[in-house]
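Engineer: here are the coordinates; sequence isn't available:
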């Protein structure tokens, strides 16, 4: 039996709990294959021989005071083309995505998205079989409360 897809708008508030991000505004982008997370600083390091990355993330747009600093295992490195056709080599990490009452693991490329309006781009690979997008709607699953928006594992 096939589960019904969750209907979302073109932008939604989501969480990445394994990265300590309780709320981040995501652009739901069916034109993008991969998902991308903003990190203004990325430091690669080794942990027990495996490649890891320390990510410095400003999860809230126009708020550089709140910074989440997280370590994530690097599962791959890929060359990704952005919407302007520029190619960039990016690390890939995995994290649980919480959206509405649903959650599942997704892959995220990591890049500096400072000039972009959204700190997270949710690509079609992460949505496949789970989400349907209504481009006329926004925040169909609600907005975070002030309390939930302030609960982040990183430093402030």
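Structural biologist: Structure's in. What do you need? Predicted model only: the values in this text are computed from it and were never measured. Numbers count the residues shown, from 1 in each chain.
Engineer: for the chain, longest strand please?
Structural biologist: strand 87-99 (DSSP state E).
Engineer: what ranges does the chain have for its helices?
Structural biologist: For the chain, applying DSSP state H gives helices covering 124-127, 146-149.
Engineer: for the protein, what spans make up the strands?
Structural biologist: 6-8, 11-16, 21-28, 35-38, 41-47, 50-57, 68-73, 76-81, 87-99, 102-111, 120-122, 131-133.
Engineer: residue 143 is nearest to which of these?
Structural biologist: strand 11-16 (5.7 Å; CB to CB). In short, each C-beta sits where N, CA and C put it, glycine included.
Engineer: which residues does the closest one contact?
Structural biologist: 21-28, 37, 95-99, 108, 118, 120, 122, 138-144 (CB atoms under 8 Å, 6 or more residues apart in numbering).
Engineer: what do you get if the cut-off is 7 Å, keeping everything else the same?
Structural biologist: By CB atoms under 7 Å, 6 or more residues apart in numbering, the residues outside strand 11-16 that reach it are 21-28, 95-99, 120, 138-141, 143-144.
Engineer: with stretch 131-150 instead?
Structural biologist: Taking CB under 7 Å, 6+ apart as the rule, stretch 131-150 contacts 5-13, 22-23, 28, 30, 99-100.
Engineer: gap between residue 128 and residue 111?
Structural biologist: 21 Å (CB to CB, to the nearest Å).
Engineer: so for the two, which residue has more residues nearby?
Structural biologist: Of the pair residue 128 and residue 111, residue 111 is the one with more neighbours under other CB atoms under 10 Å, namely 19 against 8.
Engineer: for that one, give the beta-bridge partners.
Structural biologist: Bridge pairing for residue 111 (DSSP bridges) gives the partners residue 38.
Engineer: roughly how far does it sit from residue 96?
Structural biologist: 20 Å.
Engineer: what's around residue 140, how many residues?
Structural biologist: Count around residue 140 with other CB under 10 Å applied: 16.
Engineer: can you check the pLDDT for it?
Structural biologist: As predicted, residue 140 sits at a pLDDT of 92.
Engineer: residue 33 too?
Structural biologist: 92.
Engineer: make sure it is actually in contact with residue 123.
Structural biologist: Yes - the pair residue 33 and residue 123 passes the contact test of CB atoms under 7 Å, sitting 5.4 Å apart.
Engineer: who's more crowded, these two?
Structural biologist: Shown here are residue 33 and residue 123; by other CB under 10 Å, residue 123 has more neighbours (22 against 13).
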